[in-house]
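Peer 1: mind looking at a prediction? Sequence and model below.
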Amino acid sequence: MSESVYNKKFKEHKSVHPVDIEKEVLDFWKREKIFEKSISSREGAPAYVFYEGPPSANGMPGIHHVLSRTIKDIFCRYKTLKGFQVHRKGGWDTHGLPVELQVEKVLGITKKDIGTKISVEDYNTKCREEVMKFKDAWDDITQKMGYWVDLEHPYITFDNDYIETLWYLLKELYKKDFLYKGLKIQPYSPAAGTGLSSAELNLPGCYKMVKDTTAVAQFKLQSPFPKHLADIEGDVHILAWTTTPWTLPSNTALAMGKNIEYVLVKTINPYTHAPLNAVLAKVLMSNFFHPEQENKDFSTYQQDGKNIPYKVLASFKGAELAGLSYEQLLPFEANTKEHIEGDAFKIILGDFVTTEDGTGIVHIAPSFGADDMKVAAENGIGSLTMVDKEGKFIDGMGPYSGRFVKDYKDEPNYVSVDVDIVIQLKKENKAFKVEKYEHTYPHCWRTDKPVLYYPLDSWFIKVTAVKERMIELNKTINWKPASTGEGRFGMWLENLVDWNLSRSRFWGTPLPIWRTEDGEEEICIGSVAELRSEVLKSVAMGFMDAPLADDFDLHKPYVDQIILTSSKGTPMKRESDLIDVWFDSGAMPYAQIHYPFENKEQLHQVFPADFIAEGVDQTRGWFYTLHAISTMLFDSVAYKNVVSNGLVLDKNGNKMSKRLGNAADPFQTLGKYGADATRWYMISNSQPWDNLKFDLEGIEEVNRKLYGTLYNTYAFFSLYANIDQFSVVEEQIPLSERPEIDRWVISLLNTLVKNVDAFYADYEPTKATREIQTFVNDHLSNWYVRLCRRRFWKGEYSKDKIAAYQTLYQCLETVARLMAPVAPFYSDYLYKCLHTELDDAASVHLGLFPEVDFVAINEDLEKRMDIAQEISSMVLSLRKKQSIKVRQPLQRIMLPVVREGFVEQVEQVKELILNEVNVKEIEYVNDTSGIVKKRIKPNFKVLGKKLGGKMKMAADAIQQFSQVEIQQLENAGNKELYLDGERFEIALEEVEIFSDDIEGWLVTSNNGITVALDIHLSDSLLNEGLARELVNRIQNERKDAGFFVTDYIKIHVEENESIKDALIEFKQYICGETLAKDLYMVSSLPEAKEMDINEVMVRILIEKI
RNA sequence: AGUCCCAUAGCUCAGCUGGUUAGAGUACUACACUGAUAAUGUAGGGGUCGGCGGUUCAAGUCCGCCUGGGACUACCA
C-alpha cells in the first residue's frame, strides 16, 4: 500500500451517483443487519410503539406509498436515535372486495358464477394466491426506498391465528351486547341480488343523471281538523313531492318541519278541476302558483289546468299539524294498516325537512330511505315493504303486483310503474302536479341498474353506545393536522351510526355466529378451541361426521359446513355474512400478536400505539376502526399521535391515475434520482397533510442543491484533511479559543439541533428539513466554508487550522445525524466517511441524536454575523455598481453609527467583513458630523396602540420631519406633535430612525444599516490589485497544468513596465499565495503563455520544482 | 348536501399572536468569480396575496359569503 493512500483517512470520491451510494449502503445494511441491530441494541430501552397500516399486495405500490411510508419511517428512525426501541411489524391486508374483483377479472367470471362455474373453495384459493401477487414488488420498493419495517414476520389478515383474534374480539363485543342483528336501510341492487357498500356506490360513474317521473301527491287529512282549521269547507289535502312514485304505496307517514311556515290554500286541482284545499310550505307557493292569480275569481277558471286561481286561507307552523292522521293514498289488500307494525298515516316532524324544493312536506316510506326509517322509528311509525328483493311489487298490490319498479330485466316493452301510478293518482284526484325531473341517482356498478334503498338484515356493532367515550378519547389524541382530528374525524364521531359489519361476500373473515333456524338460540364463537368443542357436540348428535381437522381453515366454504348444536339439540347454522374488512385492520393491534391466545401479558407493550400515519382517506377508515375497537373493548385510545398525509398529485395538481397516464412510477423515480432525494423532496416541499404536487424537477433540485452542496463541502473537507492528516481523535480545541466564525457556526449548529429536535418531536418533518437545508446551504457552505477556505489550505498545521477542521467536521457529522431520519442512505454514507476510526459495522442509525450544547449558543454572536453578512452583501453590491472587481482592494468603508453598541458589534466581525469584500479599513461616522442624512419612520405597532384613529395623520407628519426635527427628537428623547390641533408627545422609542445617505459618498442602505464605500484607488492599491490578478492567473495555470495543491513551483515573468512595480512590491505575497519558491523577471519568454492582466498582456511561465 | 384541506412571483413554497418597500428557492437575463466547479457571488424584470364584503387607525394575516382544486362522508322528498 502506498503511503499516500494510507494517509487518506477520509474517503475522497470522484463524482458518485446517489443511486450507487444507496446501493452500497443497502448492501451494508443487509450485510451487517443494521435494521435488526437498531432494534436489538435498544433492548430494555423504553418502547416507542408504531403500527403499520397494512397495505394490500394485490396492487402495485404507487408513489403515494413512498410518501406515507417515508413519514412513518422518519419518526421510527428519529425515535430510535432518541434511544427508544421501535419495533415495526409489517402487515398485509388480504381480504375484501378489491381482491375478489381482481380474481374475477383474472378468471373472467362474475359473482354469479361462484358456486356454479367455480366452487367457493377454488375461488377462495385463488383469492389467497392473488392477494399476494405483488408482494415481491412491495418488498422491493420497501427496501429501495429505505423503509425499515419487519418484512420477515408480517401479520397477514387471512391467517387462521389472525382470524381467531378477530373472533375473540367479536365475542367480547357480543358479550357486552355490542353486537346485534337488525334491519337497516341499505343500498341494494335488485338486479345483482346483493347489498352494496357505500364504497361500491362511490365508484366512479355510479351516480348518473336520470330523468324520473315525479309527482306531488295529495294526502287527504282526516277529520276532525284542529281548531284553527275547523271552519274550512270541504277536505284538506297535504301536498308532498316524490321522485320515486313507486314508493307511494309503501307510504306510512308525512314529515313536516317544526318551525317551517305552512299555508292552507284554496285552489283547484289542475287535472280534475275539482276544488281543493291544499297545505304546503309558504315559501314554496311560487313553485305552484302565479302571484297574479291570487284571490282571482274562481268562476273565471277555464278548466284547462292553467292560470289556477288560489287564495290563502290560513297560515301556521308545521308543529301545529303534528300528530294528525290522513287517509292512505294508495290502499291495496296487501298494504292495509293491519300489515303495519306500529302507527301509520300520521303527520310527524323531521329535522331534515327543508324548503329547498318540493312542497316542504316529505313523503315517508321507511323501507326505502334511511332518513325515513330513522324518523319513523323515532315517532313509532311502522313500515310497509311493498317491493320484494327482486325489485318487483309483491302480490296483493292490484294492477302493480309482480311489476318491476325499474327495468331490471331489460324487458323490451317495459312500462314504467312510476308513470302508471301517477296516471292513477291523476285519475283519482290525488295528484297536484306531475313532471319529469332530472337528478343524479346511484347505479349498481356491476349491472348498471338503479340501486334501491332496501331494508336488509345485517349484523351491527353498537358503536353509538360508546359515542361519548370515543369523542372524549379522541380529544387526547395528537392529530397532525389538528383540524382533521377536530373536523373530519370529530364530526364523524358526532354523527356516528352503528357499524354495519355484514358483507355478503366470499373472501373475508366469517362472522362467528351460529343460529337455530327459528332464531331462538344463537352462539358466538370466540376461539378455535371453542369451535372445536362445539363441533364435538354436533358429532355426538350426528349433525357432523368428524371433529375439526387440526389444520382447519376458518374461511368459507369450510366454516359454512359446520353445524353446531343448540341447547335443545337442534341444529344451528352459521349466519352467512362475512365481516367488513375494516374490522380486520382495526383489530390489528391485537391480532398481530394473536392476542389473547399468545402474548397475553405483552399487550401493554404494543398497545396503544405512540404513532401511526396513513393517508387522510383513512380518517374514517383505519383511523376510525382502530379507535372504535379500542374504545369499546379496552376503553383506551389505539394511538396517541397520528399523522394523516395528503395526496400525491401530478405536477399540475391533478389526481394521478393509471388511466390518464400521469401516475409517477415509484421504481423509475427511485431508480433515477435515488430514495433520499425523493424522500427529502416529498418532505421538504410541502407539509405532509397538504397535497403534494409531485414534480420530478423538484427531486433533481434536491440532488443538486442539498446533496450536491453537502457533497462538495465534504469533498473540500476531505481533500485538505487528508493532506494535513487531520485526525478526529485529536484533542478538541476549546470553543473559547476558536475564532469568531467558528464559534458562530457552532452556535448556529446547536440552534439547529435544538430546533430540528423539537420539530421531529412535534411531528413537523417539513420544518425540520427546511431548517437543515438552510443551514447546509446558506450558513455552512455559502458563508462558513467560503470565508474559511484559506484557513484550510494556507500555512502550517496550526491551532487555527485544527480549529477549522474540528469545526467543519463537527458540522458535517452533526448534519449527518440530524438528517438521518429523512435521508437514511446519504446520512449513513457521510457518517461512515467521517468515522473511519470506527469499525465497519458502525452506522449513523445505531447512534444517538445529537445533544444540544446550550452554552455554545450565542445569540449576540449570531446577530452580529447577520450584520457582517448584511454589510458584506452591500459592499459587494456597491462594487458591482461601479464595476470594481473584488480582486481590486479598496481603502475603506464608512459606517454611520446610529445605534449604541453598533461599533462594538461590527468590530468583532470586522476582519471577516474586510476579507470578504477586500477592503483595508472600516471608519465609523458619528451623526454629529452632520454629513449623515437620516430618515424617520413611525413604529406602527407601538404608536398605533397609542394614537388609534390619528395614526395615519401622525405617520404622514412624522415621515415629513426635517433633518433638524429628527435631530431635536434624538437629542430631547421626545417631541411634540400637533394633530388636528391636539397635542401629542412622540417618544424616541416610538419611531425608527435610519441613516440614509452620506453626502458625497457611494452609499447604499438596507435593513437599517448604511454603508459608504471609498472608491479612490492609490497606486499601492492598484498594484495590489495587479498582484492579485497575477496570483489568480498563476493559480489557474497551476490547475491547468495538473499540479497537485501541495506542489511547489517557480515563476518566470516577462518584464513589463505596467506590472513591474506591482511585482516588486508584492513579490512575497505572490509567492506565498501560489506556493512559489521564487519569482524571476526575465527579459523575454517567447515560449510562455500570454495572459491578460487588467488589459495588459503579460507572458508568464511556471514550473514545478 | 355536509365536513375538512388548499389558493401569495412562470413554478415550488415561507410569511409568528393584524403594524407599512410582501420574502426565499427555482427558472429567465446580464455581469463577475474560478485551489469547493454537481459550484458560487451581484444585479434585474416578474405579485390588484383567488373574488366580493365586513371588523380595524391598520388585513396576505381576523370574520362572512362566493369561485376554483382536492379529499372524505352521505344521498334526501
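Peer 2: Received the coordinates, thanks.

Peer 1: which residues touch A:K885?
Peer 2: Neighbouring residues of A:K885 by Cβ atoms under 8 Å, 6 or more residues apart in numbering: A:R879. Quick note: C-beta positions are derived from backbone N, CA and C, even for glycine.

Peer 1: is it in a helix, a strand, or coil?
Peer 2: coil (DSSP: H, G, I helix; E, B strand; the rest coil).

Peer 1: measure it to A:L473 for me?
Peer 2: According to Cβ to Cβ, to the nearest Å, A:K885 and A:L473 sit 68 Å apart.

Peer 1: next one: A:S68
Peer 2: To A:L473, A:S68 is 24 Å away according to Cβ to Cβ.

Peer 1: can I assume A:I931 is in contact with A:V925?
Peer 2: Yes - between A:I931 and A:V925 a contact is recorded at 6.8 Å, counting by Cβ atoms under 8 Å.

Peer 1: which of these two has more neighbours?
Peer 2: A:V925 (19 against 16; other Cβ atoms under 10 Å).

Peer 1: show me what the more buried one is bridged to.
Peer 2: A:P896 (DSSP bridges).

Peer 1: what sits against it?
Peer 2: A:894-897, A:931-932, A:998, A:1012.

Peer 1: overlap in contacts of A:I931 and A:V925?
Peer 2: A:I998.

Peer 1: comparing A:S68 and A:L473, which residue is more hemmed in?
Peer 2: A:S68 (23 against 19).

Peer 1: helix, strand, or coil at that one?
Peer 2: Per three-state DSSP, A:S68 ends up helix.

Peer 1: please report how far it lies from A:L1030.
Peer 2: Distance from A:S68 to A:L1030, by Cβ to Cβ: 59 Å.

Peer 1: quick one, helices of the stretch 451-600 of chain A?
Peer 2: A:467-474, A:482-483, A:490-494, A:528-541, A:581-586, A:588-591 (DSSP state H, counting those that start in this stretch).

Peer 1: how about stretch A:98-110, does it reach RNA strand B?
Peer 2: No - in terms of Cβ under 7 Å from any atom of the strand, no part of stretch A:98-110 sits within range of RNA strand B; the closest distance is 13.5 Å.

Peer 1: apart from its chain neighbours, what residue comes closest to the residue of chain A found nearest RNA strand B?
Peer 2: Closest contact between chain A and RNA strand B, by Cβ to the nearest atom of the strand, is at A:V1045 (1.8 Å). Sequence neighbours aside, A:W793 is the residue nearest to A:V1045 in space, at 6.5 Å (criterion: Cβ to Cβ, 6 or more residues apart in numbering).

Peer 1: any idea how far that neighbour lies from A:G1072?
Peer 2: A:W793 is 12 Å from A:G1072, by Cβ to Cβ.

Peer 1: got it, and A:L603?
Peer 2: 73 Å.

Peer 1: circling back: is the residue of chain A closest to RNA strand B within a helix or a strand, and which one?
Peer 2: Under the criterion of DSSP states H and E, A:V1045 resides outside all helices and strands.

Peer 1: number of residues surrounding it?
Peer 2: If we define neighbours as other Cβ under 10 Å, then A:V1045 has 12 of them.

Peer 1: likewise the one 10 residues further on?
Peer 2: In terms of burial, A:E1055 registers 14 neighbours under the definition other Cβ under 10 Å.

Peer 1: how close does it sit to A:D1078?
Peer 2: Separation of A:E1055 from A:D1078 (Cβ to Cβ) stands at 16 Å.

Peer 1: any idea what A:A217 is bridged to?
Peer 2: Bridge pairing for A:A217 - DSSP bridges - gives A:A240, A:A431.

Peer 1: confidence score at it?
Peer 2: You'll see A:A217 listed with a pLDDT of 90.

Peer 1: can you pull the contacts of A:V1011?
Peer 2: A:871, A:874-875, A:878, A:893-895, A:1003-1005.

Peer 1: show me the strands in the stretch 751-900 of chain A, by range?
Peer 2: A:890-897 (DSSP state E, counting those that start in this stretch).

Peer 1: output the set of residues of it in proximity to RNA strand B.
Peer 2: Residues of the stretch 751-900 of chain A lying near RNA strand B (Cβ under 7 Å from any atom of the strand): A:766, A:777, A:781-782, A:785-786, A:789, A:793, A:873, A:876-877, A:880, A:883, A:885-887.

Peer 1: neighbours of the residue lying closest to A:E870 once chain neighbours are set aside, how many?
Peer 2: Leaving aside its chain neighbours, A:E870 sits nearest to A:I1009 (5.6 Å; criterion: Cβ to Cβ, 6+ apart). If you count neighbours by other Cβ under 10 Å, A:I1009 ends up with 20.

Peer 1: now do A:N251
Peer 2: A:N251 is flanked by 27 other residues according to other Cβ under 10 Å.

Peer 1: that one: what's it in contact with?
Peer 2: Contact analysis of A:N251 by Cβ under 8 Å, 6+ apart lists A:328-330, A:345, A:363-365, A:384.

Peer 1: and it, backbone torsions?
Peer 2: phi -70, psi 140 (degrees, to the nearest 10).

Peer 1: before we move on, what about A:N277?
Peer 2: According to degrees, to the nearest 10, A:N277 has phi -110, psi 110.

Peer 1: from A:M682, how far off is it?
Peer 2: 67 Å.

Peer 1: more neighbours, the two?
Peer 2: Neighbour count, other Cβ under 10 Å: between A:N277 and A:M682, A:M682 has more, with 28 against 20.

Peer 1: I figured that one hits A:S68, correct?
Peer 2: No - here A:M682 lies out of contact with A:S68, judged by Cβ under 8 Å, at a distance of 9.8 Å.

Peer 1: so who does the nearest residue to A:Q773 once chain neighbours are set aside touch?
Peer 2: Spatial nearest neighbour of A:Q773, excluding adjacent residues (Cβ to Cβ, 6+ apart): A:L706 at 5.7 Å. Residues in contact with A:L706 (Cβ under 8 Å, 6+ apart) are A:680, A:773, A:776-777.

Peer 1: could you do A:L280 as well?
Peer 2: A:L280 neighbours (Cβ under 8 Å, 6+ apart): A:239, A:262-263, A:265, A:288, A:359-361.

Peer 1: out of those, who's near RNA strand B?
Peer 2: Near RNA strand B, judged by Cβ under 7 Å from any atom of the strand, the entries from the contacts of A:L280 are A:G360.
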